[in-house]
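Colleague: Structure here, sequence nowhere to be found:
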């Protein structure tokens, strides 16, 4: 692990009309460590994730990735930055239904103009560690919820990202599958030297992470 955070947010604010979604948030994400963002619905968790990931700009404050400021990049550069440096896992998985599991995992590499052979070889490398080696040719509709999330994890990590963002990645899974999915997500991000940010309502999921931050009314650490 490096001696500096891989991702830093300072003084982040975001408003939607009269609603204050973020109110001066400071946050640090470290390589090889997991951070859980918890709090009630509407507290600002997902907004914070989107600001850190460069999906939306903060109204004020700064975001630095590996020492480079990214919140002030134009849309084109932020899109390129997300593709190269961030991976994403969502509650629903958002796999492309027409593609096989292998094609879904290779897709981010193909979008980076990697050759098909290289993209498929790199994608295939993640199937064995995630316990889905026999599922390469299956389409999302032929996968269980847990299997689909493992494919989504492989897709998130295949580009070698600096940070993986997981937004309620286990909300649709049973308890046993939740435990195994989080275990795998933590293992692969730590092995890859990536930071992991998990938005979750589940106390058990949050407790697994190296750090926890509670958000309420757009502020960090305000008691419920």
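Modeller: Received, thanks. In this text, all values refer to a predicted model and were calculated from it rather than measured experimentally.
Colleague: Measure how far stretch 79-95 is from the centre of its chain, please.
Modeller: Averaging C-alpha positions (C-alpha atoms, centre = their mean, to the nearest Å) puts stretch 79-95 7 Å from its chain's average.
Colleague: Tell me the buried residues in it?
Modeller: 81-82, 85-91, 93, 95 (16 or more other C-beta atoms under 10 Å). From N, CA and C alone the C-beta is placed, and that goes for glycine too.
Colleague: for the record, mean pLDDT for that stretch?
Modeller: Regarding stretch 79-95, the rounded mean pLDDT is 89.
Colleague: same question, stretch 198-206
Modeller: Mean predicted lDDT for stretch 198-206 stands at 93.
Colleague: Adding distance to residue 212 and secondary structure, write the buried residues of stretch 79-95 out as a markdown table.
Modeller: Listed next are the buried residues of stretch 79-95 as a markdown table, based on distance: C-beta to C-beta, whole Å; DSSP: H, G, I helix; E, B strand; the rest coil:
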| residue | distance to residue 212 | secondary structure |
| --- | --- | --- |
| 81 | 27 | helix |
| 82 | 25 | helix |
| 85 | 24 | helix |
| 86 | 21 | strand |
| 87 | 21 | strand |
| 88 | 21 | strand |
| 89 | 18 | strand |
| 90 | 21 | strand |
| 91 | 19 | coil |
| 93 | 25 | coil |
| 95 | 29 | coil |
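Colleague: Let me see the contact set for residue 5.
Modeller: 28-30, 195 (C-beta atoms under 8 Å, 6 or more residues apart in numbering).
Colleague: If you could redo that for residue 120, that was the one I meant.
Modeller: 102, 106.
Colleague: re earlier: nearest to residue 214 among the buried residues of stretch 79-95?
Modeller: residue 91 (20.1 Å; C-beta to C-beta).
Colleague: which residues touch that closest one?
Modeller: Residue 91 neighbours (C-beta under 8 Å, 6+ apart): 167-169, 171-172.
Colleague: can I get the residues you listed in a markdown table with pLDDT, secondary structure and neighbour count?
Modeller: What follows is these, written out as a markdown table (pLDDT from 0 to 100; DSSP: H, G, I helix; E, B strand; the rest coil; neighbours: other C-beta atoms under 10 Å):
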| residue | pLDDT | secondary structure | neighbour count |
| --- | --- | --- | --- |
| 167 | 92 | strand | 20 |
| 168 | 91 | coil | 18 |
| 169 | 90 | coil | 28 |
| 171 | 87 | coil | 15 |
| 172 | 83 | coil | 15 |
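Colleague: Looking at those, spot the one nearest residue 142.
Modeller: residue 172 (17.0 Å).
Colleague: on that earlier part again, could I get the buried residues of stretch 79-95 as JSON lines with distance to residue 9?
Modeller: Below are these laid out as JSON lines (distance: C-beta to C-beta, whole Å):
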{"residue": "81", "distance to residue 9": "15"}
{"residue": "82", "distance to residue 9": "15"}
{"residue": "85", "distance to residue 9": "15"}
{"residue": "86", "distance to residue 9": "14"}
{"residue": "87", "distance to residue 9": "18"}
{"residue": "88", "distance to residue 9": "17"}
{"residue": "89", "distance to residue 9": "20"}
{"residue": "90", "distance to residue 9": "21"}
{"residue": "91", "distance to residue 9": "23"}
{"residue": "93", "distance to residue 9": "27"}
{"residue": "95", "distance to residue 9": "29"}
